[in-house]
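Asks: Build me a structure from this.
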Amino acid sequence: MTSPLFLGIDTGGTYTDAVLYSESEGVVASAKSLTTRHDLAVGVSGAVEAVLAQIEDAVGRVRLVSLSTTLATNALVEGQGGGPVW
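Replies: Numbers count the residues shown, from 1 in each chain. All right, here's what the predicted structure looks like:
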């Protein structure tokens, strides 16, 4: 039996990173693609497709997906963006 995988994705200012993690093996694959600010889905899908292609049957083994956005955190810290939402 193969262990479940966890998919982590981080959209940063320059690159979007993706990793596959197994509780029994640690990080088993990683990939990155350029962050596409005009359409973040392009960069995210590029990184996800690249990391999933590295492990046979990875799609069927993924049990959790976690998305973080360093890009958004940096925008807040740098005072960029559309202003408060409250």
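
Asks: hmm, who's touching the longest helix seen in the chain?
Replies: What stands out as the longest helix in the chain, according to DSSP state H, is helix 40-52. Applying CB atoms under 8 Å, 6 or more residues apart in numbering, the contact partners of helix 40-52 are 7, 9, 11, 15-20, 29-36, 58-59, 62, 67, 71. The way it works is simple: take the backbone N, C-alpha and C, and place the C-beta from them, glycine included.

Asks: Residue 50: how many residues sit nearby?
Replies: If you count neighbours by other CB atoms under 10 Å, residue 50 ends up with 15.

Asks: I'd like the distance between it and residue 32.
Replies: 8 Å (CB to CB, to the nearest Å).

Asks: Overlap in contacts, the two.
Replies: Contacts common to residue 50 and residue 32, judged by CB under 8 Å, 6+ apart, are residue 18.

Asks: I figured residue 62 hits residue 7, correct?
Replies: Yes - the pair residue 62 and residue 7 passes the contact test of CB atoms under 8 Å, sitting 5.1 Å apart.

Asks: So for those two, which sits in the more crowded spot?
Replies: More crowded of residue 62 and residue 7, by other CB under 10 Å: residue 7, with 22 against 16.

Asks: residues in contact with the more buried one?
Replies: Per CB under 8 Å, 6+ apart, neighbours of residue 7: 18, 19, 20, 21, 48, 51, 52, 62, 64, 65, 66.

Asks: Tell me the most packed of the residues you listed, by neighbour count.
Replies: residue 18 (27 neighbours).

Asks: what's the angle from the helix or strand containing it to helix 40-52?
Replies: Here residue 18 sits within strand 15-22, counting by DSSP states H and E. Put simply, strand 15-22 runs at 40 degrees to helix 40-52, going by axes from the mean of the first three to the mean of the last three CA atoms, to 10 degrees.

Asks: who does strand 15-22 pair up with?
Replies: Applying DSSP bridges to the sheet, strand 15-22 is found paired with strand 5-11 (antiparallel), strand 26-34 (antiparallel).
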